[in-house]
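> whatever this is, show me its structure:
(3 chains)
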Amino acid sequence: MELEKISRLLHGGDYNPDQWLDRPDVLEDDIHLMKQAGVNVVTLGVFSWSSVEPKEGVFTFEWLDDIMNKLYKNGIYVILSTPSGARPPWLAKKYPEVMRTDENRVRQLYGCRENHCESSKIWREKVRIIDEKLAEHYAHHPALIMWHLSNEMYGRCYCEHCAENFRKWLRAKYGTIDELNRHYWSAFWSHRYTCFEEIEPPSKHGEMQLHALVIDYSRFYSDLMIDFISIEKNAVKKYNPEIPVTTNMFNITSGINYDKLAKTLDVISWDSYPRWHCQRDKTTEWKNAVEAAFTFDFVRSLHNKPFYVMESVPSVPSQFNICKLKRPKMHLLSAIQMIAFGSDSVQYFQWRKSNGAIEKFHGSVIDHNGSSDTRVFCDVCEVGAMLEKMSYIKGAASVSEAAVIWDWDNIRALQEQVGLRHDKSFFEKLPQRHYEAFLKNYVNTDIISSESDFSRYKVIAAPALYMFKPGTAEKIRQFVENGGHFVLTYYSGITNENDLCFSGTASNPVYAPYSLNDVFGIKVKEIDGLCDDEYNELEFNGRTYKALTCCELLDIDDSESLSKYMHDFYKGICAVSKKQYGRGCAYYLACDTENDFLHEFYKYILRNADASKIIGSEYVKDVMVKQRGESIFIMNFSTEERTINANGKIITLSGYDFAVLN
Amino acid sequence: MELEKISRLLHGGDYNPDQWLDRPDVLEDDIHLMKQAGVNVVTLGVFSWSSVEPKEGVFTFEWLDDIMNKLYKNGIYVILSTPSGARPPWLAKKYPEVMRTDENRVRQLYGCRENHCESSKIWREKVRIIDEKLAEHYAHHPALIMWHLSNEMYGRCYCEHCAENFRKWLRAKYGTIDELNRHYWSAFWSHRYTCFEEIEPPSKHGEMQLHALVIDYSRFYSDLMIDFISIEKNAVKKYNPEIPVTTNMFNITSGINYDKLAKTLDVISWDSYPRWHCQRDKTTEWKNAVEAAFTFDFVRSLHNKPFYVMESVPSVPSQFNICKLKRPKMHLLSAIQMIAFGSDSVQYFQWRKSNGAIEKFHGSVIDHNGSSDTRVFCDVCEVGAMLEKMSYIKGAASVSEAAVIWDWDNIRALQEQVGLRHDKSFFEKLPQRHYEAFLKNYVNTDIISSESDFSRYKVIAAPALYMFKPGTAEKIRQFVENGGHFVLTYYSGITNENDLCFSGTASNPVYAPYSLNDVFGIKVKEIDGLCDDEYNELEFNGRTYKALTCCELLDIDDSESLSKYMHDFYKGICAVSKKQYGRGCAYYLACDTENDFLHEFYKYILRNADASKIIGSEYVKDVMVKQRGESIFIMNFSTEERTINANGKIITLSGYDFAVLN
Amino acid sequence: MELEKISRLLHGGDYNPDQWLDRPDVLEDDIHLMKQAGVNVVTLGVFSWSSVEPKEGVFTFEWLDDIMNKLYKNGIYVILSTPSGARPPWLAKKYPEVMRTDENRVRQLYGCRENHCESSKIWREKVRIIDEKLAEHYAHHPALIMWHLSNEMYGRCYCEHCAENFRKWLRAKYGTIDELNRHYWSAFWSHRYTCFEEIEPPSKHGEMQLHALVIDYSRFYSDLMIDFISIEKNAVKKYNPEIPVTTNMFNITSGINYDKLAKTLDVISWDSYPRWHCQRDKTTEWKNAVEAAFTFDFVRSLHNKPFYVMESVPSVPSQFNICKLKRPKMHLLSAIQMIAFGSDSVQYFQWRKSNGAIEKFHGSVIDHNGSSDTRVFCDVCEVGAMLEKMSYIKGAASVSEAAVIWDWDNIRALQEQVGLRHDKSFFEKLPQRHYEAFLKNYVNTDIISSESDFSRYKVIAAPALYMFKPGTAEKIRQFVENGGHFVLTYYSGITNENDLCFSGTASNPVYAPYSLNDVFGIKVKEIDGLCDDEYNELEFNGRTYKALTCCELLDIDDSESLSKYMHDFYKGICAVSKKQYGRGCAYYLACDTENDFLHEFYKYILRNADASKIIGSEYVKDVMVKQRGESIFIMNFSTEERTINANGKIITLSGYDFAVLN
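Presented below is the predicted three-dimensional model:
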């Protein structure tokens, strides 16, 4: 594959020359300025349908030929996008069914983007045709290094075609309606279906109460989108199977199961938009950096190899309520973080600001002023120069002995669950809080699903792994038996893959975490929800920490109690347990806690597990450390100077500075 | 009636064996555990349509026969529910018109519950058939003690059939369109109707401005639901008129006029879900207990005799944003409160948690674990044992000399009124605040409507009795004339039964409270709205209290001014007046106040009226007192110890403890 | 014109006798009480369609003849309204297309008001007919002094007829679809249209991303409403062109471009509803008074001559969440403010409260009690007496040397822009904040659009003049060249009339403010958004002020830096610049600031510009000053006493008092 032969890290971004075809002077400027900025790749064709097929069946490649040839002559590679992110007005006017029908069953009018019905046969056909036309024309163009399929796919359609496809999907999954009824617990509120035809996609003015149905519709639609992407993949591969394909992921709760999507893609790419400088504490960007790191480690773990940052903003994105300028040095620091965490590129949305429409103020390398005499352009040149010097890192992998589970099905189920606390965001953010504790202990960490291979880790954390799919419990047991250290928390092992609670009888009671009571040596008897202004406390390693949000009451069997509740009617009951099992160790955290506890708790566990640290130092506030290949990246996200001992070497970093140790 | 012959208080709850028909071991457990817990009644059949009529016209009673026979053999009575709370998918698929059309005129898709069109002829017919089938089969079953019609009815439909019924209802009420126009004041905004066909149900994208229309639609729909319940009543009574009928009320502002509904029912039942432990101050449950007490006294007053708590939760309901465990002793205290305030039962939703769907985490006697080795199960057993010992209280009535008016039409009108303050919740909560003042004075209190019989009370409070229906004013006058003490407040006597303001002319001016100026000796000249951070003050019995929310400016005629405003341009104007009228006394409270004032104010009035107190003691913080029959219940809703002098007997109660004096 | 011959200021209001036609005693009272209150004008016929045309084609004028004759006999003039503010039920029932279709494409049901489709031919025809009937009958009635067309027009329809009219409007504006595409920057997201038929009105479930389209729809609909008003104007003028026409404006962001609408009207009128007493600080009404003053100066500037306050409330309007009584003296103070700022009338909505429907608690001269023995009636009489004494001011103009630009197109564009900060209210309120600074410097000020004549002012402030229409830049340049002092701020000169950003190339860069870099001597390089809790600082005239919300980073060329940023990475960069250009002076304010800075900044500029002050005094807290003709009005909006030196005369005013110096 051409892509892997490129020895340099990629630097560039989304380029939309089709908006300036009547301005050859602007297009001329672009090439000149790209070279000045060290740009070696651009993404072309995102949203270009109108330009490539201005009328139905009429294809115009001349303008694109010109651009591609000129780029190639100037040493700039091209990632070519299929145009299915949006459609021209003529297409929606002639074939209204290509537009999505919302959950309220109203079909959208023409407009916006990423809002087509993935079930529509005409839509699928029109996309296949234009993709093949593009591939036929460009599949062997020397500038082409990758296909970028569609763009930031998300959302769902609820039309009659989708309903019909959903019923097919259900038939395939359950076989008979009785089996579906059993899994949906549809005797509840008299919802027992007599045939698949009675099933409709979920709706606020219809059915939302059968959670298994609601979750299944998400799964169905995720599968449908992946199926749709496969059509696009096949279309472009038809003319040159060697060119890899990607699509830009951008939001882990977007509606697509990225673990499944990853299997269809040759290359993983990611759009990264941290909210730099938008938090209350202006002296540190630590929180934003953690959020970015978490997503990088998430996408890196999908293929367990380097990925590409397909979009990021060189200045300020327009979608934030308050658009703050990037402070000096932040652009470079942000770029090195991408590389440190596994990206082989720094790419921008967008090269040049559009003059009109909703994203006209979205940050870009070249502003409306058209000038290179700007702080942003200098920042971009600086990154270009740095990337040039860091070619050695390209392709280098990260090795992690620790992992945190973020499981798409589990999160979907937690988003729907009604009970304990209704605020969905608590559970969505939970894995990142455990991940942050690993980060502060200066270990490399992967983000995996419950279906991933556990065997390569020493420590795995599974916060609120509410849903145990078939095999999950057995995998955890095996992992511990074989010497792994596994951390499970409150609200785990409660439902099966269809959100059906595990249940028992008087003579054979069943307690969470399902089928792992012997591994962890505990049984969950009750769970108490805490209001936002409430807390309990627990002691650990001589310090007292707050217990928050929810506190489980355990029956402790043969495990060791590491910490106990200090207040309320469950004072003295075990809050944190530990049990040697097989050659490993099983930890159970019965309550939510403040983050400082997690930091200490995982320090203790990592030591027990003999996991390798990148550097031996204790956490220095705001300093993030990551190892990639042999290189150790040390990044200061504070505005103030920080000093850290990096395995004997004393490193002093001024505000927003970084060091790379090779 | 069988029901009245039962000598024991009832203990039990909703039981849904139809969710476990494939699990005979679970059904076996149920009977065993019920007996252990002292359960003597279960409610069967709520939402069982799918199980009873799995296909149109095919009825299956075998499973239900088995359950009912087994229960009976084990000494457990059955309340049998008609299944009209929800419908099976096949019914909605074949007859879409049974689903409700929302106020936006979009018909609902299949799903949820309690969302059928009560006008639909096919729905009425299908319900009648299944009800009769059930009655034919079970009306003489020895276990059956009551019919439970439908479930927690609420909401409204806005379909064309309902519109047509609404027009019929209007024709019956007004006779001619001119009469309707006069009552609706439809000359406003040129809304004068020329025929009934022009009238549509209210809608946010249609008519909401004619309040009389909006209120009439509520009344119409309440009548329609009561008419619907009558169909169900007739269907089940056809086979055995001796079995009493009930339906579970659950929310006094649910859309049904419960005063009217009560006339159709043999027995009143109530679903009680206080938010125990969810308030900010964790040392007391007083506020929650008052809210529960208010609703108990409301439903008890409907028939002026004992009612049944049909649903309550033995642990924690899942519908609250934060699900807090019931603290030790609270379950028992909560149960005794039900009995004290007039319930002849403690029943739960639900016996056993469903394994799937939206209520799978709703509290129950038996949790998913299936075990009896739980704190909740012990709590339930304790209540069972207590109820067994308290059989003597069954059927005993409460006698009240005080009453607070909570009038459904009045509240509906206040919810729509635009002026003074738009926050509807202020008026909805107002009667409960006056009720709380009676509670703190340790008197028994009824909650009545403005159409109730006033003659059995010594003191009646009518907070914000905005709407004077025909006869209301005259009843108040007679009550006072005959020796009663009547308290009227700001915003009273303003509109007639169709929300039309009483009005006068220059030579014959009309002031609120309409036609009672001579009784109260005052005229309302103006009313000032106060912002949430504003207050005036008034003095009463040597203490200063805040005046809040709204302050009326009175012209005082021949009444005594008990208190005056202390600030603002109306400083010195009367805020509280009192007038001897006939053999009684009329009090007018011109402003909203803090609750402490109401406590003192009613203490003063109760003394004047020579009303009997249950115990002579002043209010002891958090201690609630209620008399039922000869028994005096003293309940401590604080977590701390409290001591109270109960007519000479010194009672000391630890946190959440209670005493019953016989 | 009769209207101009009236020597007295008008006093009166909306009068709806059609609601009391069955109550001759009430109608008798009205005339008597009006005379007592010094009422000399009433507005009749608003919402009278039902009474004038009770059935299609049947017109009944008898009742109105009676009323008009009686009023005339009693010396009361009549402003007669066309009834198009609302329609009778029969009209909507027979012709449903007259009802608006909302942006969600659902047509409204009958109800409410001001919600008809202005494209509907049948609606236009029905309105024309009834208007002509009225005019034919009353155009020469001696009581008639003005036509009041429709009522408080606002909102938009989105039906297919409107869509078709919109396309016609677009064809007329752009000629070809290619030209439209160019202006709409429709290559973005592949939105390039191939024909006008593909264009739909904007919608949340359709197109909202092409801002030019969204803004054009607002312009189209504003034009459509003005066209509709022209039909009404022609209809009533047909029978007597001498009677002037007006319509009551009420909200400058209502959807109609009032600058354009003004050209169609003979007389400007305004509905004024300040939120007196509703703010947190109860000791001053300054903020409310500024808001009222701004709107008065806005409408006065439309024709640059006196206007009429068509509606105001003598007591308390019902649409506020909290309805506070008008404090003593406030009604008179509020009335004098209207006169001071250019009104030739004080008119009320409403004379008498309706007995039913949504506005039944909206303040009025006569309350439901029907009495004249009320505080409000006395207040109204007092205003009547005052107006009688002030006849000399009628017709007198205000002369302003200062102006603030509030431009409808500019505000519409700022409401849609996505970037910098999404909170639309910031920009909507900005011109008023600059206006307040002028007010505090005691100068008369006009509110103008960017298309107004600049030549009569010495100082013009253009806050956030984001949109430069064709000619705007050149007008600013000329104004300064000719000796004017022009203040431009951040976020100015960014887009053209279709919201398309001005852009440049590397060799010919373009910086904001577009084409005026030489006039102001600066270039805008970047703009930083500040969070709500953030600020920078700047020093001016020895005091330090906060910079807020947004801070531009300027390249300063040949201008003088009056102030610099004191913090952050742009510390030391110019925040306020000044440049002599031609015979005038150009000021650029690069950041939002606290209001105190604006006060000082404009003091400095007004001095530089040698602009005349009404009185020489520095601002005395809460005291507002306005000159009209030769009269100087001094108004104390504090509850406390204030003393001010009015050009040598020491004036002491008690709380809410005022003085008029002639």
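> which residues does residue A:328 contact?
With CB atoms under 8 Å, 6 or more residues apart in numbering or on different chains as the criterion, the residues that contact residue A:328 are A:375, A:656, C:569. C-betas here are computed from N, CA, C, even on glycine.
> oh, I was asking about residue A:197
Applying CB under 8 Å, 6+ apart to residue A:197 gives the contacts A:167, B:93.
> what is the neighbour count of residue A:649?
Around residue A:649 there are 12 other residues, counting by other CB atoms under 10 Å in any protein chain shown.
> now it: phi and psi?
phi -100, psi 120 (degrees, to the nearest 10).
> surely it is in contact with residue A:643?
No: using CB atoms under 8 Å, residue A:649 makes no contact with residue A:643, being 11.0 Å away.
> what segments of the stretch 301-450 of chain A are helices?
Ranges of helices in the stretch 301-450 of chain A, per DSSP state H, counting those that start in this stretch, are A:330-340, A:375-389, A:408-416, A:425-440.
> now name the helix or strand holding residue A:627.
In the assignment (DSSP states H and E), residue A:627 maps to strand A:623-628.
> keeping just the C-alphas, turn whichever helix or strand comes after that strand into CSV.
Toward the C-terminus, strand A:623-628 is succeeded by strand A:631-636 as the next helix or strand (DSSP H and E). This file holds the C-alpha atoms of strand A:631-636, laid out as CSV (Å, rounded to 0.1, in the frame of the first residue of the first chain):
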residue,chain,number,x,y,z
SER,A,631,10.1,7.7,22.5
ILE,A,632,8.8,9.1,25.7
PHE,A,633,6.7,12.2,25.3
ILE,A,634,6.5,14.6,28.3
MET,A,635,3.9,17.4,27.9
ASN,A,636,3.2,20.2,30.3
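> note down every partner strand of the helix or strand following strand A:631-636 and its orientation.
On the C-terminal side of strand A:631-636, the closest following helix or strand by DSSP H and E is strand A:642-646. Sheet pairing of strand A:642-646 (DSSP bridges) gives strand A:649-653 (antiparallel).
> relative to helix A:330-340, how tilted is the strand it pairs with?
Here strand A:649-653 runs at 140 degrees with respect to helix A:330-340, directions being taken by axes from the mean of the first three to the mean of the last three CA atoms, to 10 degrees.
> quick check: buried residues in strand A:649-653?
A:651, A:653 (16 or more other CB atoms under 10 Å in any protein chain shown).
> partners of whatever helix or strand comes next after it, with directions?
Per DSSP H and E, the first helix or strand lying C-terminal to strand A:649-653 is strand A:658-661. Strand partners for strand A:658-661, identified by DSSP bridges, are recorded as strand A:631-636 (antiparallel).
> so what touches the partner strand?
Counting by CB under 8 Å, 6+ apart, A:289, A:333, A:336-337, A:339-340, A:393, A:396, A:614-615, A:622-627, A:642, A:644, A:646, A:651, A:653-662 sit against strand A:631-636.
> can you give me how far it is from the chain middle?
With CA atoms, centre = their mean, to the nearest Å as the basis, strand A:631-636 stands 23 Å off its chain's centre.
> could you list every residue that touches residue A:344?
So residue A:344 contacts A:9-10, A:306-308, A:394-395 (CB under 8 Å, 6+ apart).
> what about chain A, any weak spots by pLDDT?
Low-confidence segments of chain A, defined by pLDDT under 70: A:1-2.
> which residues touch the longest strand that it contains?
Across chain A, the longest stretch assigned as strand under DSSP state E is strand A:543-556. The contact list for strand A:543-556, computed with CB under 8 Å, 6+ apart, reads A:420-421, A:426, A:490-491, A:511, A:521-530, A:534-539, A:565-566, A:570, A:573-575, A:577, A:588, A:590-594, A:596-597, A:600, B:325.
> give the closest residue to residue A:105 in space, chain neighbours not counted.
residue A:158 (6.3 Å; CB to CB, 6 or more residues apart in numbering or on different chains).
> ok, stretch A:567-584 near chain B or not?
Yes: Stretch A:567-584 lies within reach of chain B by CB under 8 Å from any CB of the partner chain, at residue A:569.
> alpha carbons of the strand or helix carrying residue A:166, as CSV, please.
Using DSSP H and E, residue A:166 sits within helix A:160-174. The C-alpha coordinates for helix A:160-174 follow below in CSV (Å, rounded to 0.1, in the frame of the first residue of the first chain):
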residue,chain,number,x,y,z
GLU,A,160,-40.9,2.6,6.6
HIS,A,161,-37.9,1.2,4.6
CYS,A,162,-35.8,1.3,7.7
ALA,A,163,-38.7,-0.3,9.7
GLU,A,164,-38.8,-3.1,7.2
ASN,A,165,-35.1,-3.7,7.3
PHE,A,166,-35.2,-3.6,11.1
ARG,A,167,-37.8,-6.4,11.1
LYS,A,168,-35.5,-8.5,8.8
TRP,A,169,-32.6,-7.9,11.2
LEU,A,170,-34.8,-9.0,14.1
ARG,A,171,-35.9,-12.1,12.3
ALA,A,172,-32.3,-13.0,11.7
LYS,A,173,-31.4,-12.3,15.3
TYR,A,174,-34.3,-14.0,17.1
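> please identify the buried residues of it?
A:161-163, A:165-167, A:169-170, A:174.
> any part of that helix near chain B?
No: applying CB under 8 Å from any CB, one finds helix A:160-174 separated from chain B by no less than 10.4 Å.
> who are the packing partners of that helix?
On a contact count with 3 or more CB pairs under 8 Å, 6 or more residues apart in numbering or on different chains; DSSP states H and E, helix A:160-174 meets helix A:177-184, helix A:211-237.
> what helices or strands is the first one leaning on?
In other words, helix A:177-184. For helix A:177-184, the packing partners by 3+ CB pairs under 8 Å, 6+ apart come out as helix A:160-174, helix A:211-237.
> please repeat the previous calculation with a cut-off of 6 Å.
Helix A:177-184 sits against helix A:211-237, with contacts defined as 3 or more CB pairs under 6 Å, 6 or more residues apart in numbering or on different chains; DSSP states H and E.
> ok now the helix it packs on, how far from the chain's centre?
17 Å.
> list the buried residues of it.
Residues A:211-226, A:228-229, A:231-233, A:235-237 are the ones in helix A:211-237 that count as buried (16+ other CB under 10 Å).
> next to chain B in this structure, residues from chain A, please.
Taking CB under 6 Å from any CB of the partner chain, the part of chain A that reaches chain B is made up of A:185, A:187-190, A:192-194, A:198, A:200, A:203, A:205-207, A:209-210, A:418-422, A:500-501, A:503-506, A:509-511, A:526, A:528-529, A:531, A:569.
> distance of residue A:469 relative to residue A:493?
Residue A:469 sits at a distance of 11 Å from residue A:493 (criterion: CB to CB, to the nearest Å).
> ditto for residue A:65
Noted for residue A:65: a distance of 58 Å to residue A:493, by CB to CB.
> those two - which one has more neighbours?
Between residue A:65 and residue A:493, counted using other CB under 10 Å, residue A:493 has the larger neighbour count: 25 against 13.
> contacts only, for the more buried one.
By CB atoms under 6 Å, 6 or more residues apart in numbering or on different chains, the contact set of residue A:493 is A:468, A:512-514.
> 8 Å instead?
Residues counted as contacts of residue A:493 (CB under 8 Å, 6+ apart) are A:465-466, A:468, A:473, A:502, A:512-516.
> same thing with residue A:38?
Listed by CB under 8 Å, 6+ apart, the contact set of residue A:38 reads A:11, A:381, A:383-385, A:387-388.
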